[in-house]
Structure formats: C-alpha cells, structure tokens
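Enquirer: Predicted coordinates and the sequence they were generated for:
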Amino acid sequence: MQRLLQTAADERSAGVCAVAAVFALTAMGAAAYAALLATGRIPFISAAWLVSGDVARMGPAAMLAFAAVHTIAAWGLFRFRRWGRWFALALLGWGFVQEIPTISMAVADGRIVGTMRSGALIIARVVLVWYLSQDEVRESFSK
C-alpha cells in the first residue's frame with residue numbers, strides 16, 4: 001500500500017513539474033523574443049504566436065514582463081507552493097481570455113492554420129487547468 005501511495009505521489013510530482021516546465025519554456029521563449037525585438041532582428045508580429053498580438057506590439061519590455069510572470073509561476077509550481085498553483089491558474093485563465101478574439105478572427109477570416117493554432121492553445125490551457133484542479137494534485141501543494 002505504501003508503494004502505491006508513493007507511486008501516485010511521484011506521478012503527481014512529475015505532472016506538476018511538467019506543467020512548471022511549460023511555464024518555464026514559455027518564459028524562456030518570451031525572453032528570447034524580447035531580445036530579438038529589442039535588437040530589431042524580428043518584427044513584433046513574429047512573437048504573436050507565443051503571446052497575444054497586443055503584448056507583442058507593446059515591445060520588448062512587455063515581453064520581458066510576460067517572461068517574468070511566467071517564471072514566477074514556474075518557480076511556484078516547481079516548489080509546490082499553493083500561491084504558485086493559483087498564480088498559474090490565473091495566467092492560464094488570462095491566456096484563455098486573450099485567445100478568444102484571436103480564434104474568433106481566425107474563424108471569421110477562414111484561416112485554418114490560425115484556427116487550429118488558437119484551438120490547440122485553448123485546449124492545452126483547459127487541460128492544464130483541469131490537471132491543476134484535480135483533488136490529488138491540489139492536495140500536494142503546501143503553504
């Protein structure tokens with residue numbers, strides 16, 4: 001029985017670390033895009049796939065802020081902090097809301113790739129929220 005409980009705890013830890021890794025990779029991507037935007041090597045629209053077009057238009061400082069909040073969420077998740085879970089859930093919800101106009105425009109314009117991309121991002125966020133909301137996962141977070 002003890003081994004079964006330990007296996008379940010290990011699976012939760014691996015799952016939460018995977019979610020944290022998603023946030024960390026997103027932060028690293030945003031930081032890289034911020035550097036490329038700051039040096040003028042790419043147009044702002046190139047970063048819109050990672051963040052909303054509105055954030056990308058705000059320039060490198062907004063991209064760095066985006067990277068910072070995702071880094072904070074990743075750190076809180078890696079450390080199994082309750083606030084980190086809530087912060088990650090808030091960011092996922094914010095991203096979901098930000099994606100609604102994008103998918104609406106893609107559908108209205110008949111852009112298949114844009115619709116699929118936005119749909120995949122929405123589905124990914126829903127899955128991550130669902131996972132972080134599971135009782136077993138929620139209970140593994142401390143203070």
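Expert: The structure has been received and is ready for your questions.

Enquirer: make it CA atoms for all contacts and neighbour counts henceforth
Expert: Will do.

Enquirer: how close does Gly59 sit to Ile123?
Expert: 27 Å (Cα to Cα, to the nearest Å).

Enquirer: Report the helix or strand with the lowest average pLDDT across the chain.
Expert: Taking mean pLDDT, DSSP states H and E as the measure, the chain has helix 53-57 as its least confident helix or strand, at a mean of 67.

Enquirer: For stretch 129-142, list every residue counted as buried.
Expert: Residues Val129, Tyr131, Leu132, Val137, Arg138, Phe141 are the ones in stretch 129-142 that count as buried (16 or more other Cα atoms under 10 Å).

Enquirer: Which of these fall within strands?
Expert: Nothing among those maps onto strands, per DSSP state E.

Enquirer: What's the per-residue pLDDT of the closest residue to Arg85 other than its chain neighbours here?
Expert: Once flanking residues are discounted, Arg85 sits nearest to Leu77: 6.0 Å by Cα to Cα, 6 or more residues apart in numbering. pLDDT for Leu77: 96.

Enquirer: Enumerate every residue touching Leu77.
Expert: Neighbour list for Leu77: Val16, Cys17, Val19, Ala20, Gly84, Arg85, Ala88 [criterion: Cα atoms under 8 Å, 6 or more residues apart in numbering].

Enquirer: Pro43: neighbouring residues, count only.
Expert: Look at Pro43: counted by other Cα atoms under 10 Å, it has 15 neighbours.

Enquirer: Okay, it and Ile100: tell me how far apart.
Expert: Pro43 sits at a distance of 23 Å from Ile100 (criterion: Cα to Cα).

Enquirer: And for Ala38?
Expert: According to Cα to Cα, Ala38 and Ile100 sit 28 Å apart.

Enquirer: How about Val127?
Expert: In this view, Val127 and Ile100 are 16 Å apart by Cα to Cα.

Enquirer: try Gln134
Expert: In terms of Cα to Cα, Gln134 sits 25 Å off from Ile100.
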